[in-house]
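Novice: this is a predicted model, with the sequence first.
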Amino acid sequence: MGNGWLVTGGILNAGAAIAHLAVIVIGPRGYEFFGAGPRMVRLAEQGSPKATLITLGIAAVLFVWSALDLSAAGVIPRPPLAAWAVVGIALVFTVRALAYVPALSLTGQTVGAFAWISSTIVLVFAVVHILGALQLWRS
């Protein structure tokens with residue numbers, strides 16, 4: 001269990017997954033507070049299962065990523081290709097962190113505080129995973 005970066009990544013991913021579950025429990029105001037787009041807020045206000053299912057899907061992916069991080073760090077049993085999965089997770093977070101604000105700008109959408117704050121948070125997730133992957137591949 002010598003890869004503190006991946007343990008941290010696992011904790012961050014689990015925390016983000018739990019935050020997504022909290023949004024569902026809180027309801028429309030939770031979606032709004034955490035910066036979901038107006039369409040997701042509207043779906044939640046209408047009681048549409050679509051908002052819940054999308055949010056559950058994101059939470060599930062984050063929980064799986066948490067498990068992959070912890071397995072690659074040696075905390076839990078390691079499935080095949082866990083090291084490659086960590087590289088993929090780092091790549092997804094990096095693309096999300098760097099592309100979200102430009103994508104909003106290019107589509108004429110408002111680039112508000114949420115876009116900048118969430119992109120910064122996701123960039124931290126990306127860096128943690130990149131450092132964890134580098135340590136993993138060097139060992």
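Specialist: On my side now, so go ahead. Numbers count the residues shown, from 1 in each chain.

Novice: ok now stretch 76-91, how far from the chain's centre?
Specialist: Its chain's C-alpha centre and that of stretch 76-91 lie 15 Å apart, by CA atoms, centre = their mean, to the nearest Å.

Novice: average pLDDT for it?
Specialist: For stretch 76-91, mean pLDDT is 95.

Novice: also stretch 6-26?
Specialist: 98.

Novice: flag every buried residue along that stretch.
Specialist: 6-10, 12-14, 16-17, 20-21, 23-24 (16 or more other CB atoms under 10 Å). For every residue, glycine as well, the C-beta is placed using N, CA and C.

Novice: tell me which of the residues you listed is nearest to Arg42?
Specialist: Nearest to Arg42 among those, counting by CB to CB, is Val23 at 14.6 Å.

Novice: now do the same contact list for that closest one.
Specialist: Going by CB atoms under 8 Å, 6 or more residues apart in numbering, Val23 touches 30-31, 34, 36, 55.

Novice: which residues in the protein form helices?
Specialist: Per DSSP state H, the chain carries helices over the ranges 4-26, 28-33, 38-45, 49-72, 82-106, 113-138.

Novice: got the angle between the longest one and helix 4-26?
Specialist: Computed by axes from the mean of the first three to the mean of the last three CA atoms, to 10 degrees, the angle separating helix 113-138 from helix 4-26 equals 150 degrees.

Novice: quick check: mean pLDDT of helix 113-138?
Specialist: For helix 113-138, mean pLDDT is 95.

Novice: and if you look at the fourth one?
Specialist: What helix 49-72 shows for mean pLDDT is 98.

Novice: report all helices and strands that that helix contacts.
Specialist: If you count contacts as 3 or more CB pairs under 8 Å, 6 or more residues apart in numbering; DSSP states H and E, helix 49-72 packs onto helix 4-26, helix 38-45, helix 82-106, helix 113-138.

Novice: give me that answer again for 7 Å
Specialist: Packing contacts for helix 49-72, counted by 3 or more CB pairs under 7 Å, 6 or more residues apart in numbering; DSSP states H and E, involve helix 4-26, helix 38-45, helix 82-106.
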